[in-house]
Structures are given as structure tokens and as C-alpha cells.
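J.: No sequence on hand, only this structure:
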RNA sequence: GCCGAAGUGGCGGAAUGGCAGACGCGACGGUCUCAAAAACCGUUGGGGGCAAACCCCGUGUGGGUUCGACUCCCACCUUCGGCACCA
């Protein structure tokens, strides 16, 4: 201990440990953060992504989320808003269950313990949540309503005619009256007449309705996680086919699973992204995930008159479809396969099925086999071969494509590999063409003739390499033709002509291609030339020009030749529709949301499977269906949920006497998190998911803040559930989160290894986690909060710096001293007027407020530090105790209250102001008091600063120009040269250009 | 491969068409001390110049627009995120 501190009572120094707990206890006892129900005040709902409590507790990285949002919540409270700033727990799911298995403890007890620790840490850092609204998704009071929403999904279908969900009974009525005639189903869906529907027995009806229910049980190839022993959603599998949580390589299995039909909402999920204020990165990721594409379904007839329906985004290239490809799993494969090809096709299909999707996509080399079948291209009657190949996926579109090798990269590679014809049907937008006239095939006069006609070409060992345009092709071909003595030349890229000494053939159809290839084979003397294009690609000069996939003007395409690209598409679709060969269709990459988990610790699915095979949904008044207590939480060896082992829970007798078994899959936790933000509006309602009035008042969430790792799954699912409940009139908003922001990651402190700087994520296994507990113990919660804000731009990832917190701590020390003991030390004498102090006060209010609203918490802290520095200068100027000084001190405390609530409250009390600072009104900035009277204007010559001038703020252009010209320094740089121009920006600068 | 974001002192970063480097860290010098720590006061982009005045250079690279560019446009390089045979 130094003499300096020994002279003083301990509490005269800033000692966070001595004040922070005291105030937190007082705030909690007084419930100053309790949110009131809907009232006449404006509301502000600011929400953090609710966390999954783990046994490890919070790190300083988690606090990056919670502190800034707390600053915002505190700011809006001081602005007079009714603020909802709640917290809850995403409590179901595998980590808790796995921990329960390991520790042989009930997961409910474990999760409560973990959550309590999170809560302790959140309180420790002074976050102002209203704990009276705390929720936990694994309590029956909560999952009651998760199940209730499940039943809404189960009992609804999506009516595309009104573009919204409706009760399933309305579909049953429709089917019994009109069948599917008016439903505008995709052509690839099974259609039904009313008579057929009415003749169905209950089981058949159930099977048919599965195709429509928004929650349905279906057989599907699913992602099986062998480590967690459960099925997981597509969204939970990454590009390397690894499970998002366990990291295990997922396996493909065919199982009966529960799905939510999120695809029904694909278009609205895409469209409504226009209505939210979210980071553009997240909006883009969602759009890419949804993968909307406009195009057409086209019906091809096989020679046996089966219909093969394809989806294409390029109906304008239909004339270039020279073969078809089916996915190996396509239902028509067996039927169209010829006897000669059957063995090979069967073997290929078997191999494709055995190969995981991962391996299939890893192999870039195309594989496939010919089925022996042919189809007729509806637009030109061409007979085209049908192949199967694993690059066509059964899960997208219709599982069949028309291959247009000239304008689709995959089809191009496939056609070259298997010798299939490639006919260009879209002109290159640049109309670029090239030609090679080979040495020894032409008369020498050709060179002069090309020069005379002004073609641009180079000569290389006797080969003439000509660059031209498609428009010049006919004239050029004539010229070359006249000088060609043997062999051949050609125009490639645009124009597409094959030039022989005796004829010129256009590459405009499969028939022409065959003639050309036959001539080339004869000329070369063996069979290595299956098609014209296969020959052209062997010439390096053509490499960059033979293929393109741009939109452009059709060629070789009969009636649509020459139309602009977008018109060509529309006209082709119109023609297909008129002639019954297809129609317009939207298609989406997104698949339905797989919700089944074969695990214990999740929301039970409220469905009973009756002995006659019918599904019986529970009634609303039978909810909640609670989880039974079990002895063991281990997944069973068969991969079924451990719930299957609880006979007295699983086996039930229905009111009508039928026996049944409960569904034993549980819901994945994304179901719970898809609606929790609504529950906070009225967290303990036992009669509804929340009171209608409270929902109407509080929702949507005004500001939602969390990590970008939930960009797709959680946010997409939440939007889907919101739209469903909107359609069913449960809620009146259709987007849940008006504004969204993602905080950057806090990494472990950078360390140097062999001169290289290493920045890693914090992880328990690496032992580099920094906890808020250790930081608070050393420097206090306010210093931690300040540094969380100050560390970097909110959205950027940044390594933690152990030096950073002491820096903020020093600032708080300076605040402490300037408020309580301004006269203790003195710096160098300074000049500052009361008016100047007042100006700084009001400028700082403006800056801090603006920074909070724009999520610029780092510059908010900077502004407060500068303000503090200015007060030290004011002290050195002898202003302590003046009215301006007193206003400045009071303003300082109010402005730091959101970021440093404890020290603000302590100093507020010590300066004899009324409890609590957190219930005071935010100071109002007066623009007039903030305005500068004098400003410094920069004088430039040719853009370089040469002098500076202090002038009245209102000095006009003319005055500034004159002042600039009288500057000696400006004049010396002009040096008597003529002045070309003088730029005057009032309030900023004068630039003299010479 | 495609889509998106970011490249500024020794470090985190500020400035969104007008004085580049606010604020903080670190470093250096000083005050206090027997000494050290803490605290306080000051200096701190690079080069030239005398530690002055002053001059030149400088925001990933190369071009462009402009009186003026970290900021806008074009091309490229690097890093990070996302997607990836989606017809």
C-alpha cells in the first residue's frame, strides 16, 4: 500500500467490488427492471438470442452480445419507453441429454443448474433483464404451446390460391367436391378426381392428406447422425456432410420421420425479406438457402408414350436439348430401360444408391449410362436419347432434366464425355467468333484476300488464326471456301459454320452435326470424332469460345430465333402452355424441415398411432403431453427413442376403445426456439401461448441480437412459424424480428508462436477461455462492460486483449476522481470557457445517443472518454463548481449509466442526487448550445493544406474566399501563378487551384 | 467455381467525398519514491531537416472519376464467412 492511498479512507478510491454487489441487490429488491404490461407508453422490445445453457458457463465472448443490448435497453428506459428485455433458456436438446447420461442426473435438474449459473453471471455483469418473465423451453408450461402449434401445423394445409394456410377440413371439402382440379398442383404431383377421393377409405385419405399437411410423417432419405444416434435436419448438415453439433459424418437412411412443410412458405419467406431491416449478409444467405428459381415444367413423351416431366430455368434453350438425363432413383428408369441396357443400368443404379451423397458430389468426373430409351423434344420433334446419371438429383425439381449441352456446364461435360451432340442455340452476347485455317489446306492467295477484306488474324506455322464476329461468318466462309483446297476449316463461337472444299454446313441441328462428324471421321480416318463439338474443343484457339451460358438471342430455334432473351423465355412458356407441353413453375432448393429426433430430451409429439394405422392428433385440452420420467436416457440400440421402452406411457386406449401407441420421436429444439420470443410478451399464461393484447403491444421484436451462426436455421424456422400463426389469425404480424444485428466473435487473446500471430476461437479444450468472473473479480463489472463495448466495431470478430480492461478501468477511475475530488491533482494550465464546456456537454449527448442508435458502442465509449478528458481540462481552467461544471458532471453520470450502471449509481448517490439514476430521464441535447460559434477552416492550394484559419461559423462563401486570398502562406504557394479555380465549402475549407 | 464481407500506425480501431490515424492499448521520456509498482504529466505513422520553421511520402496492388478519394467506379491480390453437380 502506498502512502497516497493510506492517507484516505478506502471508499474514497474507486473500488468496484465494494459498490457493485450493493447496488445489484438493491435494484433486484426494488424490481426496477420489471416490465409492465401493455400501457399507453411507446414500447421497445429488445431481445438477445436465448442461449443453450451449458455446464461451462459464459465466457467474455457471450457478453459481447448481452452488454450492448443492455446498453440499448437502459437507454430506452431512460427515454421513457416501456422496455421488454427478457431472457430464457433453450433447454431441450442433445448437449443437456448427453451431459445427463454422463453425469447420471436428470436433464431437467442439470439444465436448471446450468441456467442458474448463467443467470448468476448475467446478474454479475449487471444486465437488466426482467427475470419475472424468465422462461425455459423444457418446462411443460412452455412446451404445452410448442405442442399446440404442432397441432396447428398438423391440422392445416397450404392453399396456393389464397397463398396462406387453412384448416385441413377445407381441403377435405374441396377434394370431395372437385378433386384436385382447382388446386393448381404441379404436374408432377398425383392428381385426383372427386369420385376417386370419395371412394378412398380412411387410411387412403390419410395417406393422401399427408401430401398437404404442414406437419406430416413421411418416408424420406434422411441424415442419420451416428454419434448422437438421431436424425437431423438438412440445415444441420454442413457442406462436408458433417453434423452441425456432433461433427460426425452423417449417413443416409430411409426412415419414417416427421416434417414441417416449410417449402409451402418458400415464396413468402423469400419475398418478405424485403420488409425487414437485417444485415444484408443474412438476407442473402436466406435467399440462397431458399434458392428460388423461375422456370418451366416441360413434358417430354417417351416412345412408349410415358410422360417425363423436367424442370428448367432456361426454356429458351429447349431447341438445344439433345438428350435427357434422369436421376438414378427416378421412378421411370426401370420402365424405359431397354433389354440390352438393363444389366448396365441396374448396376449403375445400385452403385449410385450405395454411394453416399457426399461421395457423389465429390466426384467431379461425370458418370452415367444410356437407358436405351428415347424421348421426343416437343418443340422440334427431335428424337433424343435418355440417359441416367447421378449428377441429376431426385430431390430437386422433378429428378429429370432436358440436357442442353451447349449452354449448361454439366451437360457440356457429360456430352463431351459420352459423345452426345452439342448444338448451340443461344448467340454469344459479344458475337465473338474464331476460325483456324490450317497449314497446307489453302491457296497462298487467301492471306492477301483476308488482308484485303480486313479480317484480323495471325499466322502461326502456316495456320491462320482468325478473329471475327458471327455476323461476318457467311461472307468469311465464302472467302475461305473459295481458297480451301483440302481438309476443312470452320467458324466457331458464333456463326457456327463448317467449311469443306465442296460445301459449307451450318451446325444448326443434330442431323447437321451427324453429317459433319461423318465427314470428319472419314477425313481423319478413324472413329475419334463422335460430334462436331468434340472435334472443335480439341483446338486450343477455340477453348474459351465454344461454350457459354449467358442469356442471349436464340439461334437455330425455329419460331423464337432472334427474340430478345427474356421474350424468348416467355414466348416458349406460352407456347408450351397452349399446346399442353408444360407450364411455368417456381422451384426452390429448400427442402421440408425434418423435426423428428429419436431422443428423450425434447418436446413430445402429440400424436397417437392407432392400431388400425390411423394417426390421431391429441386435442388441445389434452395438452401438455408431458415427458415421462425414465431410468435411462440412453438412445436405444435400434436408434429409437428411449421413450419406446416406457410401456405405460407409450400404450394408450383411445376414447372409442381402439388401442394405440404414442409417437415416440420428440421434436428437435428448433421447434422450441421458433416461437419463444412471443412467449415473453406474456410468459406465464396458462390459457394461451400469450394474451392477444400483450402480443399486439409487444411484437414484433424491435431489435434482435445474436450470432450469425443462426443465419439460416433458427431465423428461417421462426419466420415460418410466425407466418403460419399469422395465417391462422393467432397473431397480427408476419415477420417476427423487425431489426436484426449480429455481434462479431470474441477470439482468444492473440499469441505469438515462432513469430507468427495465432488467433483462435475460445474453447474449453484449448484452455483459452476467459470468463467474466475472472475479469469482474479483478476490475469490476463496469470495466468489463465498457471494454465489451469498446473492443471493436460490434459486428467484427476480434481477439480479446487482456490489456484492454485495465484501460477502461483507468477511465472509470478518472470519472470517479473528477466527480468526487476534482481538485486533487492538476495538469498543465488550460484555457476553456464555461460556454465551451456547455457546448461539449451538448455535443456529447448528441454523439452518445447517435452512437447507441447506430450500434457504434466503441465510439460511444470514445465519446465518453473524450468528455471525461475535457472535464480534466475544464478543471485545469478553473471551472470547478461553476454552473457549467455542475451540468457537465450530472450529464456525464447520466450518459455513462447505460454502459457503467454501478459506478453511475454510486456517484449519483454520493453527489446527493435522488435514487435511482436508472429511473432518471435521458438528458436532452440542445442543438443551439451544441453549435460551434467559431470554426477552423482549412486553406488548400491544389488540394494540399497550407494554412488554417479560425472564422465565425456563419462566414459565407465570399468572406471565406477573401480571407483565403489574404493568407501569406496561401499567397506564397500560389507564387503569382494564375488562379484557375477557387473551391469554397463553407464551414469546411477553401481550395485554390492553380 | 459462385455469392458476400473485410484489408488504415507496433496492436484494437476512428474518419463514408473535404486537416488520415479520434479514443484506447503498447512503447518512450518526465513527476512522485531510497527503490519499484500504482498514479499523474508529456511524446509517439514513415523519411528529410538542427529536438525549430518547414518539406516530402503514406489507408492491400494497379488504373480511373473529381478542385479534392481511406471513402465513389473498374481490374487484380490476400484474408475471413457462406454456398457448391440445385438443371
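T.: Yep, that arrived. Just so it is clear, the model here is predicted, and its values are computed rather than measured.
J.: element containing residue A:831?
T.: Assigned by DSSP states H and E, residue A:831 falls within no helix or strand.
J.: Give the closest residue to it in space, chain neighbours not counted.
T.: residue A:877 (5.7 Å; CB to CB, 6 or more residues apart in numbering). Using the backbone N, CA and C atoms, a C-beta is placed for each residue, glycine as well.
J.: Kindly report the residues of the stretch 751-900 of chain A close to RNA strand B.
T.: A:790-793, A:796-799, A:801, A:803-804, A:806-808, A:810-811, A:813-814, A:825, A:827-828, A:856, A:858-859, A:861-862, A:865-866, A:869, A:872 (CB under 7 Å from any atom of the strand).
J.: Return the set of buried residues in stretch A:904-911.
T.: Buried residues in stretch A:904-911, counted by 16 or more other CB atoms under 10 Å: A:904-908.
J.: let me fix that: stretch A:241-255
T.: Buried, per 16+ other CB under 10 Å, within stretch A:241-255: A:241-243, A:245-246, A:248, A:250, A:255.
J.: Next: stretch A:524-532.
T.: Quick answer for stretch A:524-532 (16+ other CB under 10 Å): A:529-532.
J.: Out of those, which two sit at the greatest distance?
T.: Within these, A:530 and A:532 form the most distant pair, 9.3 Å apart (CB to CB).
J.: how deep is the closest residue to RNA strand B within the stretch 751-900 of chain A tucked in, by neighbour count?
T.: Nearest to RNA strand B in the stretch 751-900 of chain A, going by CB to the nearest atom of the strand, is residue A:807, at a distance of 2.7 Å. Using other CB atoms under 10 Å, the number of residues around residue A:807 comes to 14.
J.: How about it, nearest residue that isn't a chain neighbour?
T.: The spatially closest residue to residue A:807, leaving aside those adjacent along the chain, is residue A:787, at 7.5 Å (CB to CB, 6+ apart).
J.: which secondary structure element contains the one you found?
T.: Using DSSP H and E, residue A:787 sits in helix A:781-790.
J.: Could you list the residues of the stretch 351-500 of chain A in contact with RNA strand B?
T.: So the stretch 351-500 of chain A meets RNA strand B at A:360-361, A:363-364, A:366, A:390-401, A:404, A:408, A:410 (CB under 7 Å from any atom of the strand).
J.: Please list the members of these that lie in strands.
T.: Using DSSP state E, the subset of those located in strands is A:400-401.
J.: Please pick the buried ones from the residues of the stretch 351-500 of chain A next to RNA strand B.
T.: A:366, A:390-392, A:394, A:396-401, A:404, A:408.
J.: hey, where'd the helices end up in the stretch 351-500 of chain A?
T.: A:357-362, A:409-418, A:445-452, A:473-483 (DSSP state H, counting those that start in this stretch).
J.: same deal with the stretch 551-700 of chain A?
T.: So, for the stretch 551-700 of chain A - with DSSP H, counting those that start in this stretch - the helices run A:565-578, A:647-650, A:669-672, A:676-679, A:692-698.
J.: will you turn those into CSV that also has mean pLDDT?
T.: Formatted as CSV, those follow (pLDDT from 0 to 100):
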stretch, mean pLDDT
helix A:565-578, 92
helix A:647-650, 93
helix A:669-672, 94
helix A:676-679, 98
helix A:692-698, 96
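J.: got these as CSV, with mean neighbour count columns?
T.: Below are the helices of the stretch 551-700 of chain A laid out as CSV (neighbours: other CB atoms under 10 Å):
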stretch, mean neighbour count
helix A:565-578, 17
helix A:647-650, 13
helix A:669-672, 26
helix A:676-679, 24
helix A:692-698, 18
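J.: RNA strand B: which of the ones you listed is closest?
T.: helix A:565-578 (11.1 Å).
J.: Need phi/psi at the residue in the stretch 551-700 of chain A that RNA strand B sits nearest to.
T.: As assessed by CB to the nearest atom of the strand, RNA strand B sits closest to residue A:589 within the stretch 551-700 of chain A, at 3.5 Å. Here is the backbone geometry of residue A:589 (degrees, to the nearest 10): phi -70, psi -30.
J.: Touching, it and residue A:287? I think so.
T.: No. Here residue A:589 does not reach residue A:287: they are 10.4 Å apart, not a contact under CB atoms under 8 Å.
J.: So those two - more neighbours on which side?
T.: When neighbours are counted by other CB under 10 Å, residue A:589 and residue A:287 differ, and residue A:589 comes out ahead with 16 against 13.
J.: Which elements pack onto the host helix or strand of residue A:836?
T.: Taking DSSP H and E as the criterion, residue A:836 maps to helix A:834-853. Applying 3 or more CB pairs under 8 Å, 6 or more residues apart in numbering; DSSP states H and E, one finds that helix A:834-853 makes contact with helix A:60-78, helix A:857-876, helix A:883-896, helix A:927-930.
J.: hmm, who's touching that helix?
T.: Helix A:834-853 is contacted by residues A:71-72, A:75, A:856-857, A:859-860, A:863-864, A:866-867, A:870-871, A:874, A:879, A:882-885, A:887-888, A:891, A:895, A:898, A:922-927, A:929-932 when judged by CB atoms under 8 Å, 6 or more residues apart in numbering.
J.: Quick check on the residues you listed: which are buried?
T.: Members of those classed as buried by 16+ other CB under 10 Å are A:71-72, A:75, A:856-857, A:859-860, A:863-864, A:867, A:870-871, A:874, A:879, A:882, A:884-885, A:887-888, A:891, A:895, A:898, A:922-923, A:925, A:930.
J.: contacting residues for residue A:914?
T.: Residues in contact with residue A:914 (CB under 8 Å, 6+ apart): none are found.
J.: does it sit in a helix, a strand or a coil?
T.: Using DSSP: H, G, I helix; E, B strand; the rest coil, the secondary structure recorded for residue A:914 is coil.
J.: roughly how far apart are it and residue A:920?
T.: Per CB to CB, to the nearest Å, residue A:914 is found 8 Å from residue A:920.
J.: before we move on, what about residue A:770?
T.: With CB to CB as the criterion, residue A:770 and residue A:920 are 34 Å apart.
J.: Report the angle between the one helix or strand residue A:776 maps to and helix A:60-78.
T.: Per DSSP H and E, residue A:776 falls inside helix A:772-779. Angle, helix A:772-779 to helix A:60-78, by axes from the mean of the first three to the mean of the last three CA atoms, to 10 degrees: 70 degrees.
J.: How many neighbouring residues does residue A:425 have?
T.: 25.
J.: Next up, the contacts around it.
T.: Neighbours of residue A:425 in contact, by CB under 8 Å, 6+ apart: A:317, A:319-320, A:404, A:406-407, A:554-557.
J.: what's the nearest residue to residue A:910 once chain neighbours are set aside sitting at in phi/psi?
T.: Nearest-residue entry for residue A:910: residue A:820, 6.3 Å, with adjacent residues in sequence omitted and distances by CB to CB, 6+ apart. Note on residue A:820: backbone dihedrals following degrees, to the nearest 10 are phi -90, psi -40.
J.: Residue A:820 contacts residue A:908, doesn't it?
T.: No. Using CB under 8 Å, residue A:820 makes no contact with residue A:908, being 11.7 Å away.
J.: Mind listing the shared neighbours of the two?
T.: Applying CB under 8 Å, 6+ apart, one finds that no residue jointly contacts residue A:820 and residue A:908.
J.: quick one, strands of the stretch 401-550 of chain A?
T.: A:432-437, A:456-460, A:463-469, A:489-491, A:497-499, A:504-506 (DSSP state E, counting those that start in this stretch).
J.: Those: which one's closest to residue A:779?
T.: The nearest among the strands of the stretch 401-550 of chain A, by CB to CB, is strand A:432-437 at 66.6 Å.
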